[in-house]
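how would this look folded up:
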Amino acid sequence: QVQLVESGGGLVQAGGSLRLSCAASGRTFSSYAMGWFRQAPGKEREFVAAISWSGGSTYYADSVKGRFTISRDNAKNTVYLQMNSLKPEDTAVYYCNADPPWVVWWGQGTQVTVSS
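Predicted coordinates for the structure are as follows:
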C-alpha cells in the first residue's frame with residue numbers, strides 16, 4: 001500500500017511560482033507512472049501532468065503546458081510539480097496519484113490559491 005502526502009501549496013499572486021511536492025511511502029513507488037491532478041471548487045478533478053516511472057517521459061494538460069514542469073526523484077520517493085506563471089484559474093486543491101490513479105491512493109491534497 002502506498003500513502004501519498006502533498007505539500008507546498010499556498011497563496012500566490014498571478015504570475016508567481018510554487019513548487020509542490022508529493023512524498024510517497026512504500027517500496028513500489030518507483031514502479032509507477034505518477035501524475036498530478038487538481039480540483040477547483042464546483043468542478044470535477046482533472047488531470048494536470050504525468051511522468052513515467054523512469055522520469056523519461058512527461059505529459060501535460062494543454063492548460064498548463066509551458067508553465068508547469070513535473071519531475072520525480074525515485075531515490076527520495078518524491079514527485080514534484082514546478083508551477084510558474086500562475087493564473088487565477090490555477091486555483092484548486094492539487095493531488096498526486098499514480099497515472100492512471102488508484103482510488104485508494106488519494107491523499108488530502110494541497111491548496112493552491114492564485115490571486116489576481
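
in the protein, which segments are predicted with low confidence?
Scanning the chain with the threshold set as pLDDT under 70 gives no residue ranges.

Okay, and the beta partners of the spatially most central residue of it?
Centrality entry for the chain: nearest residue to the mean C-alpha point is Trp36, 3.0 Å, by Cα atoms, centre = their mean. On DSSP bridges, the residues paired with Trp36 through beta bridges are Ala49, Cys96.

Return the residues in contact with it.
20, 22, 48-50, 68, 70, 79, 81, 94-96 (Cβ atoms under 8 Å, 6 or more residues apart in numbering). Placement of C-beta: from N, CA and C, glycine included.

Redo those residues as JSON lines? Include distance to Gly109.
Rendered in JSON lines, the data for the contacts of Trp36 read as follows (distance: Cβ to Cβ, whole Å):
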{"residue": "Leu20", "distance to Gly109": "10"}
{"residue": "Cys22", "distance to Gly109": "10"}
{"residue": "Val48", "distance to Gly109": "12"}
{"residue": "Ala49", "distance to Gly109": "15"}
{"residue": "Ala50", "distance to Gly109": "17"}
{"residue": "Phe68", "distance to Gly109": "16"}
{"residue": "Ile70", "distance to Gly109": "16"}
{"residue": "Val79", "distance to Gly109": "13"}
{"residue": "Leu81", "distance to Gly109": "12"}
{"residue": "Tyr94", "distance to Gly109": "6"}
{"residue": "Tyr95", "distance to Gly109": "4"}
{"residue": "Cys96", "distance to Gly109": "9"}
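
Compare these and tell me which is most surrounded.
With neighbours taken as other Cβ atoms under 10 Å, the top of the contacts of Trp36 is Cys96, carrying 31 neighbours.
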